[in-house]
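[1] what shape does this take:
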Amino acid sequence: MTAPRFDDAAPDDGHARRAWRQALGVALATSAYGISFGALAVASGLDVWQTCVLSLVMFTGGSQFAFAGVIGAGGLVAAPAGIASAALLGVRNVAYGMRMSPVIGPGFWRRAAASHFTIDESTAVSLAQTTRRARTIGFWVTGIGIYVGWNLSTLAGALLGDVLGDPRAWGLDAAAAAAFLALLWPRVRRRQPIAVGIAAAVVATVLTPLLMPGIPVLVAGAVAVVVGGANWLGRGDAPPAEPEDVPEREGLP
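    Next up is the predicted model:
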């Protein structure tokens, strides 16, 4: 049985144009809520330069919000928990990197550059395409577009933080969480992922009033790993189909 492969010889101008449109649309939408991070980070006690450096160097929205939120709630005493929470959320990018490896292709410098742009949105847009060229366009345009837009909007949010007042009054504190939930929700279709999400949410909610900021997130992450690894509710589910760009190994049915 021959594994399905992309037809590199087939014209894909239409696919490429669609990848550009989707990538630019996601980049614009995602970049916009960088304003909320800038405002929240300044409100949490970081100065403008510290806020901008976080976006330039860390560049993973969930981890940035976790770090700023923990620091804002617990001060410098909570810094270790903030760093641990940010690292925990950033681990998912390792899995994205492994999945995107066939799309990026070989070459040390290419892979090194791609590692900084491997985020939720660039991975999602790339894997939504159906040709190699479109996937490559989707990844790079989304990743670079968000990087530029996110850093500009972070600076704007940090400078306007005092003008905006309390970010919670505008709902900016929930913007990133809402965007991340919108990306995650279409993938939560089976009982096991739903059970993982509910278990982690319940644990975090119960422990938040009791423990230092940042610790409930770490405990909830550990609970998610245990519940997800046990796979109590998903043992009867069929395995996902093999992605088109991963050829079957010889000798396997």
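[2] how many residues are close by residue 43?
    A count of neighbours around residue 43, defined by other CB atoms under 10 Å, yields 21. To be clear about C-beta, it is placed using only N, CA and C from the backbone, and glycine gets the same treatment.
[3] could you measure it against residue 151, distance?
    In this view, residue 43 and residue 151 are 19 Å apart by CB to CB, to the nearest Å.
[4] go on, residue 107?
    Going from residue 107 to residue 151 by CB to CB gives 25 Å.
[5] so the two - more neighbours on which side?
    Neighbours were tallied for residue 107 and for residue 151 using other CB under 10 Å; the higher tally belongs to residue 151 (18 against 10).
[6] what about the residue nearest to the more buried one when sequence neighbours are not counted, how many neighbours?
    Excluding the flanking residues, the one nearest residue 151 by CB to CB, 6 or more residues apart in numbering is residue 55, at 5.0 Å. Number of residues near residue 55 (other CB under 10 Å) recorded here: 24.
[7] tell me if I'm right that residue 55 and residue 152 touch.
    No. At 9.4 Å, residue 55 does not count as touching residue 152 under the criterion of CB atoms under 8 Å.
[8] what touches both of these two?
    residue 34 (CB atoms under 8 Å, 6 or more residues apart in numbering).
[9] now residue 24: which helix or strand?
    helix 13-32 (DSSP states H and E).
[10] after that helix, next one along is what?
    Immediately after helix 13-32, counting by DSSP H and E, sits helix 34-43.
[11] could you list every helix and strand in contact with the helix holding residue 24?
    helix 120-127, helix 132-164 (3 or more CB pairs under 8 Å, 6 or more residues apart in numbering; DSSP states H and E).
[12] what would these look like in a markdown table with distance to residue 192?
    What follows is the helices and strands packed on helix 13-32, written out as a markdown table (distance: least, CB to CB, whole Å):
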| stretch | distance to residue 192 |
| --- | --- |
| helix 120-127 | 20 |
| helix 132-164 | 28 |
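[13] deepest-packed of these, please.
    A comparison of those by mean neighbour count, using mean count of other CB atoms under 10 Å, puts helix 120-127 on top with a mean of 23.
[14] which other residues reach that one?
    19, 22-23, 26-27, 30, 62, 92, 96, 99-100, 103, 135-136, 138-140, 142-143, 146, 180, 183, 243.
[15] average pLDDT across that helix?
    Computed over helix 120-127, the mean pLDDT rounds to 88.
[16] for that helix, output the C-alpha coordinates as CSV.
    Extracted in CSV, the C-alpha atoms of helix 120-127 (Å, rounded to 0.1, in the frame of the first residue of the first chain):
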residue,chain,number,x,y,z
ASP,A,120,-0.2,27.5,18.3
GLU,A,121,-1.3,29.7,15.4
SER,A,122,1.5,29.1,13.0
THR,A,123,1.2,25.3,13.5
ALA,A,124,-2.6,25.4,13.1
VAL,A,125,-2.6,27.5,9.9
SER,A,126,0.2,25.4,8.4
LEU,A,127,-1.4,22.0,9.1
